[in-house]
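*Asks:* This is the structure alone, sequence omitted:
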């Protein structure tokens, strides 16, 4: 009799333990939203592998989406939004905004500003493309977002993920996940979104324009540029100091000729590590209950509008600018798309579309001028928005 009671007690205890175990599984806590976001993460990974669309971004973000949408029992202490968890600690680099300046350090150390130095007027194209930021800012205001939120959403048009994270972490932290995912998604979709706009806005004659070869830039000019460029931009927009300071510092490491090890570290292991962390945690932040909301979907759509406006204004500005230039100095409007700061992908798009119409018309070096000025421009635009709205 005593043995039967003991067996019943053990069975009951095992049953309770099994029931509790089941309650903690992801299968028991899954929602349709979790499943949908996991599928989106798988699509990102597939596009990165099959289409080779920005694999360094889409694979970390895609797998991060899968991690972030594993259904969790409440208060388990492992989710990205649960204070003290491993992912939450890693996410502090996004929330506090110290990953973006490190990314900019690496970008500066790998960027050659020669095309811009040799033809400074190309900087105007990079500036024109920033109209996408302020156009999307206006659109976001009409949809009921606050000025600070609209500013954070608008920066998506710069096609600069780190800048979008930096600005949204200060102006609209509640929208950080949606803005970051949107910004990086559109950066990856540059080869898809931009070519149709470029073809639509240009004539065949304009696409065949051959630009004069850029002049050779001396090592002294390359060394002076990051110092002068930093002083000019940072003194104008001090609020962009974290991004501009690291960008030009990284470039000085590259061009000084005496800090090769530091430059190689900045553009190699350091930027790779930060890219992994920023991509993974941004993906993790897209938990279904946080991401699948009307405002998040609207942000994604506004981001597309911002990106389209930026590409359009860049191309149209070149067409307008050409009216005032002599025939031998005219600029191929196909490099207008490169004013967004997706380096060097938008410049590659300029080159690839140009080669479709003239197999010997290489536009890459010319497109790098507005492309690198777009990096500076998006940081300056972020500083302006932060100064007015922060």
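*Replies:* Yep, that arrived. Nothing here was measured: the structure is a model prediction, and the numbers come from that model.
*Asks:* C-alpha from now on. contacts and neighbour counts both.
*Replies:* OK.
*Asks:* got a list of contacts for the helix or strand where residue 235 lies?
*Replies:* Assigned by DSSP states H and E, residue 235 belongs to helix 219-236. When contacts are defined by Cα atoms under 8 Å, 6 or more residues apart in numbering, helix 219-236 is touched by residues 113-114, 117, 240-241, 244-245, 248-249, 251-252, 255-256, 380.
*Asks:* For the longest helix along the chain, buried residues please.
*Replies:* As assigned by DSSP state H, the longest helix anywhere in the chain is helix 294-322. Under the neighbour-count criterion of 16 or more other Cα atoms under 10 Å, helix 294-322 has 296, 299-300, 302-319, 322 buried.
*Asks:* what about burial for the contacts of helix 219-236, which qualify?
*Replies:* The neighbour count (16+ other Cα under 10 Å) marks 113-114, 117, 240-241, 244-245, 248-249, 251-252, 255-256, 380 as buried among the contacts of helix 219-236.
*Asks:* Distance to residue 165 for the contacts of helix 219-236 - can I get that in TSV?
*Replies:* Converted to TSV, the contacts of helix 219-236 look like this (distance: Cα to Cα, whole Å):
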residue	distance to residue 165
113	24
114	28
117	29
240	13
241	15
244	15
245	17
248	19
249	20
251	22
252	24
255	28
256	30
380	15
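*Asks:* for those residues, which one is nearest residue 133?
*Replies:* Checking the contacts of helix 219-236 against residue 133 by Cα to Cα gives residue 380 as the nearest, at 11.4 Å.
*Asks:* what's the closest one sitting at in phi/psi?
*Replies:* Main-chain torsions, residue 380, degrees, to the nearest 10: phi -70, psi -40.
*Asks:* Going forward, the N-terminal residue is numbered 209.
*Replies:* Sure, I'll start counting at 209 from here, so that last one is residue 588.
*Asks:* just to revisit the earlier point, from the buried ones among the contacts of helix 427-444, which single one is nearest residue 359?
*Replies:* residue 588 (13.1 Å).
*Asks:* What's the first helix or strand after the longest helix of the chain?
*Replies:* Tracing the chain C-terminally past helix 502-530 and defining elements by DSSP H and E, one meets helix 553-565 next.
*Asks:* helices or strands up against that next one?
*Replies:* The contact analysis (3 or more Cα pairs under 8 Å, 6 or more residues apart in numbering; DSSP states H and E) places helix 553-565 against helix 398-409, helix 412-415, helix 572-597.
*Asks:* From what I see, residue 307 and residue 484 are in contact.
*Replies:* No - the pair residue 307 / residue 484 is not scored as a contact, 10.6 Å apart, by Cα atoms under 8 Å.
*Asks:* Might you report the residue contacts of the closest residue to residue 572 other than its chain neighbours?
*Replies:* Ranked by Cα to Cα, 6 or more residues apart in numbering and with sequence neighbours excluded, the top spatial neighbour of residue 572 is residue 559, at 5.0 Å. By Cα under 8 Å, 6+ apart, residue 559 lies in contact with 543, 570, 571, 572, 575.
*Asks:* just checking, the last one touches residue 546?
*Replies:* Right, the one you point to is residue 575. Yes - between residue 575 and residue 546 there is a contact at 5.9 Å, judged by Cα under 8 Å.
*Asks:* In terms of neighbours, single out the busier of the two.
*Replies:* Per other Cα atoms under 10 Å, whichever of residue 575 and residue 546 has more neighbours is residue 546, with 36 against 29.
*Asks:* And the more buried one, how far from residue 293?
*Replies:* 40 Å (Cα to Cα, to the nearest Å).
*Asks:* ok, back up a step: in the contacts of residue 559, which residue is surrounded by the most others?
*Replies:* Counting neighbours by other Cα under 10 Å, the top entry in the contacts of residue 559 is residue 543, with 33 neighbours.
*Asks:* Residue 495 versus that one, what's the distance?
*Replies:* Residue 543 is 38 Å from residue 495, by Cα to Cα.
*Asks:* Likewise for residue 400?
*Replies:* 26 Å.
*Asks:* With residue 393 instead?
*Replies:* 16 Å.
*Asks:* so who does the residue nearest the centre of the chain touch?
*Replies:* Centroid-nearest residue in the chain: residue 369, 1.9 Å away (criterion: Cα atoms, centre = their mean). Contacts for residue 369 were tallied using Cα under 8 Å, 6+ apart; they are 388, 391, 392, 395.
*Asks:* Apply 6 Å and report the result again.
*Replies:* 391, 392 (Cα atoms under 6 Å, 6 or more residues apart in numbering).
*Asks:* hang on, the earlier thing: neighbour count for residue 307 and residue 484, which is higher?
*Replies:* Set residue 307 next to residue 484 and count neighbours by other Cα under 10 Å: residue 307 wins out with 21 against 17.
*Asks:* where does the closest residue to that one other than its chain neighbours land on pLDDT?
*Replies:* The shortest distance from residue 307 to any non-neighbouring residue, by Cα to Cα, 6+ apart, is to residue 301 (5.2 Å). Note on residue 301: pLDDT of 93.
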